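Colleague: please find the sequence and the predicted model below.
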Amino acid sequence: MKTMDTIIIGAIVMMLSFPLMWLGGLLLTGNAKLIFKGDLARMVEIETTARMQRNNLTMDSLIIANTEAFQSNVLLKNSIANKSEEIDRDQERLDVLKSELQTERANIEAAKAGLDKAISDLADERAKYEETMNGPNDGAIDKATVSLAKTYQAMKPAEAAQIMETLPDNLCVDILKSMTDDRQKGRILSSMDTEKAAKLSKLMSAKKYSRVN
C-alpha cells in the first residue's frame, strides 16, 4: 500500500469518527444528554401538563376578573337605580310641599282679604257711630252699638281685640256691654293689652254700678 493511500484512508476514518468524538465530548462535559423513547414521552407529558396548568391558571384568572367586573357592574347598576328612586321620592316630596305652600298662600290671601273687609266694615260702623254721637239722640246710637257688637263678636278674639284697642274707651265699653256672648267678651278682653283691658273692665263696672244706684 502506498503512502498516499494510507494518508487518504486515515483522513476518511478521522472524518467519519469526528462526529462520534464530538458527541462523546459533549456527553462527557454534560452539555448533551441521551434521551430514550420513554424519557421523551415523559418529558412531553410533563410539558403538556405544565402547559395545561398554565392555561387553567390563565383561564381561572380571566374568570375571576370577569366575575369581579360583572359584580361591580351589578352593584353600580343597583346604586344608580337606588339613587334614581331616591331622587324621584325627593321630587315627589318637593311637589307636595310646593302644593301645600300654594294652598297656604291662598289661605293667607283669603284671610287677609277677609280681614281687610272686616276692618273696612268696622271703619264704616265707627264713622256711623261717631256721626250718631254728634247728632241728636233718637235711639240710633243703640242700633249702631249693637251692630258693632255683632260684628266684633263674630270675629276672632285676637283680631277683634287688636281693632278695639284703637277705639275710644267709652265706645269699647258700649260695644262690650252690647255683646250677647259673655265668653266671647271675655276672650276679647283677654286678648287685649293688659292695661287697656283693666281700664275697660273698670269703666264697665262703674257704669253697671251707677245704673244699679
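Modeller: Sure, I can see it.
Colleague: give me every residue that touches the most centrally placed residue in the chain.
Modeller: In the chain, the centroid-proximal residue (Cα atoms, centre = their mean) is D90; its distance is 5.1 Å. If you count contacts by Cβ atoms under 8 Å, 6 or more residues apart in numbering, D90 has none. For glycine as for every other residue, the C-beta is placed from the backbone atoms N, C-alpha and C.
Colleague: which helix or strand contains it?
Modeller: Per DSSP states H and E, D90 falls inside helix 37-134.
Colleague: over to A197?
Modeller: Counting by DSSP H and E, A197 is found in helix 194-212.
Colleague: average pLDDT for that helix?
Modeller: Averaging pLDDT along helix 194-212 gives 75.
Colleague: any weak-confidence spans in this protein?
Modeller: 1-5, 7, 10-11, 13-14, 16-28, 30-41, 44, 128-141, 207-213 (pLDDT under 70).
Colleague: for D174, which non-adjacent residue is closest in space?
Modeller: Residue nearest to D174 in three dimensions, not counting chain neighbours: T145, with 4.6 Å by Cβ to Cβ, 6 or more residues apart in numbering.
Colleague: for the one you found, which three-state class applies?
Modeller: Here T145 is recorded as helix under DSSP: H, G, I helix; E, B strand; the rest coil.
Colleague: who are the contact partners of it?
Modeller: 129, 171, 174-175, 178.
Colleague: quick check, distance from the helix holding D90 to the centre of its chain.
Modeller: Helix 37-134 has its C-alpha centroid displaced from the chain centroid by 9 Å (Cα atoms, centre = their mean, to the nearest Å).
Colleague: kindly report the same for stretch 198-207.
Modeller: Distance, centroid of stretch 198-207 to centroid of chain: 57 Å (Cα atoms, centre = their mean).
Colleague: what's it in contact with?
Modeller: For stretch 198-207, the surrounding residues in contact (Cβ under 8 Å, 6+ apart) are 169-170, 172-173, 176-177, 189, 192.
Colleague: buried only: go through these for me.
Modeller: The neighbour count (16 or more other Cβ atoms under 10 Å) marks 172-173, 176, 189, 192 as buried among the contacts of stretch 198-207.
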